[in-house]
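Asks: Predicted model follows, preceded by the sequence.
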There are 2 protein chains.
Amino acid sequence: MDTILLDHGSGGLASQRLIKEIFVKHLSNQILDSLDDAAYLELNGKISFSTDTYTIDPIFFPGGDIGSLCVSGTVNDIAMLGAIPRYLSCGFIIEEGMDFDDLEKIVESMANTAKKAGIYIVTGDTKVVPRGSVDKIFINTSGVGEVIMDTPLSGSSACPGDAVIVNGTIGDHGLTIFTTRKGISMDFDLKSDCAPLNKLILELITRIPQIHVLRDPTRGGLATTLNEIALQSNVGIEVKEEDIPIKPGVKEGCDILGLDPLYLANEGKFICILPKEYSIEALNILQKDELGKDAKIIGQVVDSPKGKVILETPIGGRRLLSMLEGEHLPRIC
Amino acid sequence: MDTILLDHGSGGLASQRLIKEIFVKHLSNQILDSLDDAAYLELNGKISFSTDTYTIDPIFFPGGDIGSLCVSGTVNDIAMLGAIPRYLSCGFIIEEGMDFDDLEKIVESMANTAKKAGIYIVTGDTKVVPRGSVDKIFINTSGVGEVIMDTPLSGSSACPGDAVIVNGTIGDHGLTIFTTRKGISMDFDLKSDCAPLNKLILELITRIPQIHVLRDPTRGGLATTLNEIALQSNVGIEVKEEDIPIKPGVKEGCDILGLDPLYLANEGKFICILPKEYSIEALNILQKDELGKDAKIIGQVVDSPKGKVILETPIGGRRLLSMLEGEHLPRIC
């Protein structure tokens, strides 16, 4: 069995072999192994439910692959509500002719990331489509978690006076994917920040339940995500350009390639908005963790201009930081 | 806005317009409209969780489209555990250049089917990929429901002595997709059986909580699904060929085209396995409903041969009905 055949998506014997020899082999747990039409879960009644489809190109990249990405991404989305992610589903669309070893590498990577995040993949679906109907492999992960805040966090809860924190350097993922796809090599160690953030977030929300907003700046980058929050909360957000953590190499690479790091996708970052008096405590919690060591306070929530984000430049200028309009980097996640 | 552009998948302004002008317009509800990274749900703690990706070709077909299919399919999978489906997620992968009106038709169809099933679509994700990276549109739906049985139903619960019921004619969906794709016209009213079954199932499990197994024979058809149950329950299953409901036109069409209706996918059918003494009551419940009017008892569970399905032919012969080996109809769901 060197390549994936249409037979593997038939629902019949070949599918069953694929499920046993790849999926159950690496992802096995009591719930998944029942192989019923649906998974049976027992969960606290307050639930965070999220979905994301991953169409990234290339499927293997420095710092991760579509497997670590599809688990991290959905785990992070679930956590952003102030929740503990528990269970994921996975839906594979595989192109006929895909290398069997590549698929196994991806599933192993999913298993490793799930273990790191402390979650289980409990149900799945596999479609194999004829050559040319999909580019290699796309994966959907959906998932559920238990909301532990009294009220779930939301992008609509930012208040004037709040501080805006980001847990580390931005743009790493987007620039990595762009340069890997184009075959451009950089003269520094560039890799995706792809990682499950749920354990760090759990510590943060347990110790500071006063947090107002958590959101991960994936597609559209930091600039777009801040705009979404400003709109949802009907507030203004001011950020200081010099306080936004960006690796020097990423900054330089973006300059050369004509990309703006503020609009590049991140896969291991989140924005935390909370009352100013808790911001130092939050920074301390973040900076003790490898995933938050470069955390910084980057700005504040203000009353107006409502629904807008203002960037203060190092020389004291102020300009509107708009939402991403079109698409400069498709298939980034 | 006549066609879908890469910009619509950017996560930026164009994405937001697409979300508002198509998705929120048709699918709006209080949970979806919050547009956070995840949906916040309050559910009973016993949960049925399922996922399925739909890659059907063609996307519009007699009796349905990829929109009605992707809602019905996941609703049905959730229900098979003995659960009331509540909330669905949807993940779209759209090919750049897709007709905007086609997408809207699909989303409208999802909305209508959700309404019929009494469920809500509460969270979603949209990716637009460059022309040629996917064939038109693939949709993942995942969902959760509340298990109302004391223990969830499972394919491993069939017992010798149980009756095997199917709620109507089989093969309709598979033959419809095959003939539509190939441009073959049939001289009778052939259409997919695609439908949400949850309301009928709710009535059935409420009135007969003694049911052991529910499962929908989708990919791989009736024969493969019966084999799965025989294996999971470690029992034999005997079915009488003449009792399996098949529309005369479907039978004839399959004969001409060299297809076996027992292996064709269904999207509005389920197998119900329950103690024989409840089988007449179950039939009565089913036959009063439009979705169960052709229900029949098709066989019984026996002690051996374990893990096998035996087909009794009209002239009294007995043959092994094996699981589907390979794939004769890709992209059927």
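Replies: Received it, and whenever you're ready, just let me know what you need.

Asks: what about residue A:84, which helix or strand?
Replies: Using DSSP states H and E, residue A:84 sits within strand A:83-95.

Asks: Neighbouring strands of that strand in the sheet, and parallel or not?
Replies: Partners of strand A:83-95 in the sheet, by DSSP bridges, are strand A:120-129 (parallel), strand A:137-147 (antiparallel).

Asks: Out of those, which is the most enclosed?
Replies: Counting by mean count of other CB atoms under 10 Å in any protein chain shown, strand A:137-147 has the highest mean neighbour count of those, with a mean of 28. C-betas here are computed from N, CA, C, even on glycine.

Asks: send the alpha carbons of it over as PDB?
Replies: C-alpha atoms of strand A:137-147 as PDB (Å, rounded to 0.1, in the frame of the first residue of the first chain):
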ATOM      1  CA  ILE A 137      -5.000  16.800   1.300                       C
ATOM      2  CA  PHE A 138      -7.400  19.200   3.100                       C
ATOM      3  CA  ILE A 139      -8.500  18.500   6.700                       C
ATOM      4  CA  ASN A 140     -11.400  19.800   8.700                       C
ATOM      5  CA  THR A 141     -11.200  19.700  12.500                       C
ATOM      6  CA  SER A 142     -14.100  20.600  14.600                       C
ATOM      7  CA  GLY A 143     -14.200  20.300  18.400                       C
ATOM      8  CA  VAL A 144     -15.800  20.900  21.700                       C
ATOM      9  CA  GLY A 145     -14.600  22.100  25.000                       C
ATOM     10  CA  GLU A 146     -15.900  23.100  28.400                       C
ATOM     11  CA  VAL A 147     -16.400  26.800  29.100                       C
END
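
Asks: So for it, mean pLDDT?
Replies: For strand A:137-147, the mean pLDDT works out to 98.

Asks: go on, stretch A:314-322?
Replies: Averaging pLDDT along stretch A:314-322 yields 95.

Asks: Now do the buried residues in that stretch.
Replies: residue A:321 (16 or more other CB atoms under 10 Å in any protein chain shown).

Asks: show me the contacts for residue A:96.
Replies: Residue A:96 is in contact with A:3, A:4, A:5, A:6, A:128, A:129, A:130, A:131, counting by CB atoms under 8 Å, 6 or more residues apart in numbering or on different chains.

Asks: got a pLDDT number for the residue nearest to it when sequence neighbours are not counted?
Replies: Spatial nearest neighbour of residue A:96, chain neighbours left out: residue A:131 (4.8 Å); criterion: CB to CB, 6 or more residues apart in numbering or on different chains. Per-residue confidence at residue A:131 stands at 95 (pLDDT).

Asks: contacting residues around residue A:131?
Replies: Shown in contact with residue A:131 (CB under 8 Å, 6+ apart): A:95, A:96, A:97.

Asks: Is any residue of the lowest-mean-pLDDT helix or strand in chain A near chain B?
Replies: Least confident helix or strand, chain A: helix A:13-18 with a mean of 91, by mean pLDDT, DSSP states H and E. Yes - judged by CB under 8 Å from any CB of the partner chain, helix A:13-18 and chain B are in contact via A:13, A:14, A:15, A:16.

Asks: rewinding a little: could you export the contacts of residue A:131 as TSV, including pLDDT and distance to residue B:110?
Replies: Conversion of those to TSV gives the following (pLDDT from 0 to 100; distance: CB to CB, whole Å):
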residue	pLDDT	distance to residue B:110
A:95	97	26
A:96	96	28
A:97	96	31
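
Asks: which among those gets closest to residue A:145?
Replies: residue A:95 (31.3 Å; CB to CB).

Asks: and that closest one, bridged to which residues?
Replies: residue A:129.

Asks: Tell me, how many residues neighbour it?
Replies: Residue A:95 is flanked by 19 other residues according to other CB atoms under 10 Å in any protein chain shown.

Asks: is it true that residue A:137 touches residue A:97?
Replies: No - counting by CB atoms under 8 Å, residue A:137 sits too far from residue A:97 to count as a contact (11.2 Å).

Asks: Which strands or helices does the following helix or strand past the least confident helix or strand of chain A pack on?
Replies: Next along the chain after helix A:13-18, taking DSSP H and E as the criterion, comes helix A:25-27. Contacting helix A:25-27 under the criterion 3 or more CB pairs under 8 Å, 6 or more residues apart in numbering or on different chains; DSSP states H and E are the following elements: helix A:100-117.

Asks: Please give me every residue in contact with residue A:65.
Replies: Contacts here follow CB under 8 Å, 6+ apart; on that basis residue A:65 touches A:59, A:105, A:106, A:109.

Asks: From residue A:123, how far out is the second one?
Replies: Look at residue A:105 and residue A:123: by CB to CB, to the nearest Å, they are 22 Å apart.

Asks: Ok, the last one next?
Replies: Residue A:109 sits 19 Å away from residue A:123 when distances are taken as CB to CB.

Asks: contact partners of stretch A:291-302?
Replies: With contact meaning CB under 8 Å, 6+ apart, stretch A:291-302 is reached by A:158-169, A:195, A:197, A:200, A:233, A:235-240, A:243-245, A:268, A:273, A:276, A:279, A:282-283, A:285-287.
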